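Engineer: Sequence plus the predicted model coming up.
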Number of protein chains: 2
Amino acid sequence: MAPVTNGRVLFAAIPTGFPVPGETLVYDTTETIDLENVPLHGGFLVKVLVLSVDPYLRGLLRPADVPSYMPAFTLGAPIVSAGISVVLRSELADVPVGSYITGYSHYHDIITAHKEYFVAQSLGGAARLRVLERDPRLPLSVYIGVAGMPGETAYMAWKEFSKAKKGEVVFVTTGAGPVGSMVIQIAKNEGLKVIASAGSEDKVQFMRDIGADVAFNYKTTDVRDVLKREGPIDIYWDNVGGDTLDAAMEHSNNFGRFIECGQITGYSTGVEPMKNPMLIVSKSLTLSGFLVNNLRPKYTDAFRAEVVPKLADGTYKYTEDITRGLEKVGEVLLGVLKGRNTGKAVVVVADE
Amino acid sequence: MAPVTNGRVLFAAIPTGFPVPGETLVYDTTETIDLENVPLHGGFLVKVLVLSVDPYLRGLLRPADVPSYMPAFTLGAPIVSAGISVVLRSELADVPVGSYITGYSHYHDIITAHKEYFVAQSLGGAARLRVLERDPRLPLSVYIGVAGMPGETAYMAWKEFSKAKKGEVVFVTTGAGPVGSMVIQIAKNEGLKVIASAGSEDKVQFMRDIGADVAFNYKTTDVRDVLKREGPIDIYWDNVGGDTLDAAMEHSNNFGRFIECGQITGYSTGVEPMKNPMLIVSKSLTLSGFLVNNLRPKYTDAFRAEVVPKLADGTYKYTEDITRGLEKVGEVLLGVLKGRNTGKAVVVVADE
């Protein structure tokens, strides 16, 4: 068989604000691959099926000499993210042809490459690739969503940091996203009152459907009005930072727990200061940043036992916003950063 | 015996910035008390011996309708703080004449009144007064310092939040004060590298004397230069907030623990924002505010067993800055807020 095009999404230019589709990320078709003959050197060849597009990717589109918790993407090279691929050829006994491969690590530079095909040398190691144990009732894409890293983030950080007690009040931001929607459902399952925000009426409706007691559109409703009426809060799930974090601090009870999962408002437009850090002292607040990787050893078994079955049987609900075609990654990322997606953003590169 | 003057320190006016001695706090001699005949109503009469003057008092010199974690002082009434008094007369069996009385709570409005004499109705309750168990090797004033609330604050919050490991690096602010100096000594005792800051050369020398590996004067040395050279840090003991907190966040390792004990820079001159709260997320930092009252049930026995003997035998060192005379409280408070004291600020009201 002749070589085929191996489409790639390249990091072509460092953006100054929001990434620009076609400039920041460029879809490139100059590489080809001979699927039958490409040497595996003891490894395996995969075809990429689904890719996850998440806000944190913006932070990696930066100059290589700016330090952060994850290394920057390499200019000119394909970006990487969470994803799932299927094995086409293999020279490794524990990676059978037809098995699904997914990645784990945010610290290393290969999770799943934004290419149609790639060769990996091994499981584990720097690539942290592993064979996916799949519940046949769940579509593959859910494993990069609520059954994967975002779901793990919600469940594991909630278990570790929330110290939730029945009857307490939690405020969840980006409550229609894969992390926030899982937090809402876990909190309701534990008997809390849930206040949740998102940026469209569709999302507000979805948050109500999954059990939020109070759901509001932060673009049309003042967060302080809501928290004044429905709070004070005991737990804040922060995905946004900025002025919403200030408002949550102002309307927190003493001993509030702030789970600092993300601060999306700062990713593209610059960090906003925290107006009154004295409240950490005066209200005895705890603010906890974390990386889900560090929580996995403690909570992976519980996640698989408690959460995955509830997803498979429909107890826990989720939405996906699926876009077809690797060439759309740049647009999808911009959409995610601007809050345009309704549900977990997934790019389908190829069918199973 | 004729009635005697009962001097009092009254909260006379709400300050806008730093309190003004003689205006904010006024020493008043218009009240008299008949020590032999004042009715006890089943309680006890005490003579105040020593009073503690601490930065947090500034926060209580505010309008009554401004909420905070402690109620405001009452305009026109005596202020209260930690202190120790001796019992002159008693109608309570468990409060013998000659015993020493101290207070506990920051939530309630009586600890020890800034008066020469007062009558209390009971131990415990709202007043949280208790009979002091005193190690005879320690002077009374130490029980409002390193053997009292400030020492408990250092020890208990360190045990609860530091997650310290031998060889880690801690940065301690106000390292010459009663809290900071105890943190330095506890951290050295546990095998950490200690960086400590204070605001005078005398204080820098004292921090070196008690074991700080790196001690510097923040008024003459740039904190970022020091942290760049001697860090990054794993633990930050925050007594100051403001730009120093920002610098500590910038120079923290991932998974840094920030013990938010106080933010003195904001107490009189207004709160400074935290410049980059995104670092909480990107470095997986934990920031913990706390009230020592909530840690006492867990750690009081350990504090008495581990810390008090080390103070009594001279292993742990401390300094006191003693001022004689109740009429000096206003000046002493201003000095504390401006960092002029060298050692724990104590006002001696009367001799034992």
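Structural biologist: Alright, I've got the coordinates. None of the values given here were measured: they were computed from a predicted structure.
Engineer: and chain A, which of its residues are near chain B?
Structural biologist: Counting by CB under 8 Å from any CB of the partner chain, the residues of chain A close to chain B are A:59, A:68-69, A:241, A:245, A:254-255, A:260-263, A:266, A:271-291, A:294. Any C-beta I mention is one placed from the backbone N, CA and C, and that applies to glycine too.
Engineer: Contacts only, for A:R224.
Structural biologist: Contacts of A:R224 were listed using CB atoms under 8 Å, 6 or more residues apart in numbering or on different chains, and they are A:A247, A:E250, A:H251.
Engineer: hmm, try it at 6 Å
Structural biologist: Applying CB atoms under 6 Å, 6 or more residues apart in numbering or on different chains to A:R224 gives the contacts A:A247.
Engineer: what helix or strand is it on?
Structural biologist: helix A:223-230 (DSSP states H and E).
Engineer: List the backbone torsions phi and psi for the spatially closest residue to A:K166 that is not a sequence neighbour.
Structural biologist: Excluding its sequence neighbours, the residue lying closest to A:K166 (CB to CB, 6 or more residues apart in numbering or on different chains) is A:G191, at 3.7 Å. Main-chain torsions, A:G191, degrees, to the nearest 10: phi 90, psi 20.
Engineer: tally of neighbours for the residue nearest to A:E201 when sequence neighbours are not counted?
Structural biologist: Leaving aside its sequence neighbours, A:E201 sits nearest to A:N217 (CB to CB, 6+ apart; 6.1 Å). By other CB atoms under 10 Å in any protein chain shown, 15 other residues sit near A:N217.
Engineer: if I look at A:E250, how far off is chain B?
Structural biologist: For A:E250, the distance to chain B equals 11 Å [CB to the nearest CB, to the nearest Å].
Engineer: Buried residues, the helix holding A:R224. List them.
Structural biologist: For helix A:223-230, a neighbour-count test (16 or more other CB atoms under 10 Å in any protein chain shown) marks A:V223, A:R224, A:V226, A:L227, A:E230 as buried.
Engineer: ditto for stretch A:29-37
Structural biologist: Applying 16+ other CB under 10 Å to stretch A:29-37 flags A:I33, A:L35 as buried.
Engineer: quick one, longest helix in chain A?
Structural biologist: helix A:292-312 (DSSP state H).
Engineer: Heading C-terminal from that one, find the next helix or strand.
Structural biologist: Next element after helix A:292-312 (DSSP H and E): strand A:320-324.
Engineer: Now do that following strand: which elements does it pack against?
Structural biologist: Applying 3 or more CB pairs under 6 Å, 6 or more residues apart in numbering or on different chains; DSSP states H and E, we find strand A:320-324 packed against strand A:344-348.
Engineer: Could you list every helix and strand in contact with the strand it packs on?
Structural biologist: So strand A:344-348, by 3+ CB pairs under 6 Å, 6+ apart, packs with strand A:44-52, strand A:320-324, helix A:329-337.
Engineer: Measure how the first one sits relative to strand A:320-324, angle-wise.
Structural biologist: If you take axes from the mean of the first three to the mean of the last three CA atoms, to 10 degrees, strand A:44-52 sits at 130 degrees to strand A:320-324.
Engineer: quick one: strands adjacent to strand A:44-52?
Structural biologist: strand A:83-90 (antiparallel), strand A:117-120 (antiparallel), strand A:344-348 (antiparallel) (DSSP bridges).
Engineer: Show me how far the second one is from its chain's centre.
Structural biologist: Between the mean C-alpha location of strand A:117-120 and the chain-wide mean there is a distance of 23 Å, by CA atoms, centre = their mean, to the nearest Å.
Engineer: swap in the longest one?
Structural biologist: When C-alpha coordinates are averaged (CA atoms, centre = their mean), strand A:83-90 and its chain have centres 22 Å apart.
Engineer: And the helices in chain A, which stretches?
Structural biologist: Under DSSP H, chain A gives helices at A:57-60, A:149-161, A:178-189, A:201-209, A:223-230, A:242-250, A:265-269, A:278-282, A:292-312, A:329-337.
Engineer: Dump the fifth one to PDB, keeping only the CA atoms.
Structural biologist: C-alpha atoms of helix A:223-230 as PDB (Å, rounded to 0.1, in the frame of the first residue of the first chain):
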ATOM      1  CA  VAL A 223     -22.800  36.400  40.900                       C
ATOM      2  CA  ARG A 224     -22.800  38.500  44.100                       C
ATOM      3  CA  ASP A 225     -26.600  38.800  44.000                       C
ATOM      4  CA  VAL A 226     -27.000  35.100  43.800                       C
ATOM      5  CA  LEU A 227     -24.400  34.300  46.500                       C
ATOM      6  CA  LYS A 228     -26.000  36.900  48.800                       C
ATOM      7  CA  ARG A 229     -29.400  35.300  48.400                       C
ATOM      8  CA  GLU A 230     -28.400  31.600  48.200                       C
END
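Engineer: What average pLDDT does it get?
Structural biologist: The average pLDDT for helix A:223-230 rounds to 98.
Engineer: Stretch A:174-193 now?
Structural biologist: Mean predicted confidence for stretch A:174-193 is 95.
Engineer: Show the end-to-end separation of it, please.
Structural biologist: Counting by CA to CA, to the nearest Å, you get 17 Å between the two ends of stretch A:174-193.
Engineer: now stretch A:175-194
Structural biologist: Per CA to CA, stretch A:175-194 runs 10 Å from first to last residue.
Engineer: List the buried residues of it.
Structural biologist: For stretch A:175-194, by 16+ other CB under 10 Å, it's A:175-188, A:192-194.
Engineer: ditto for stretch A:159-178
Structural biologist: A:159-162, A:164, A:168-178.
Engineer: ok, of those residues, which one's closest to chain B?
Structural biologist: Distance to chain B, by CB to the nearest CB, is smallest for A:F161 among the buried residues of stretch A:159-178, at 8.8 Å.
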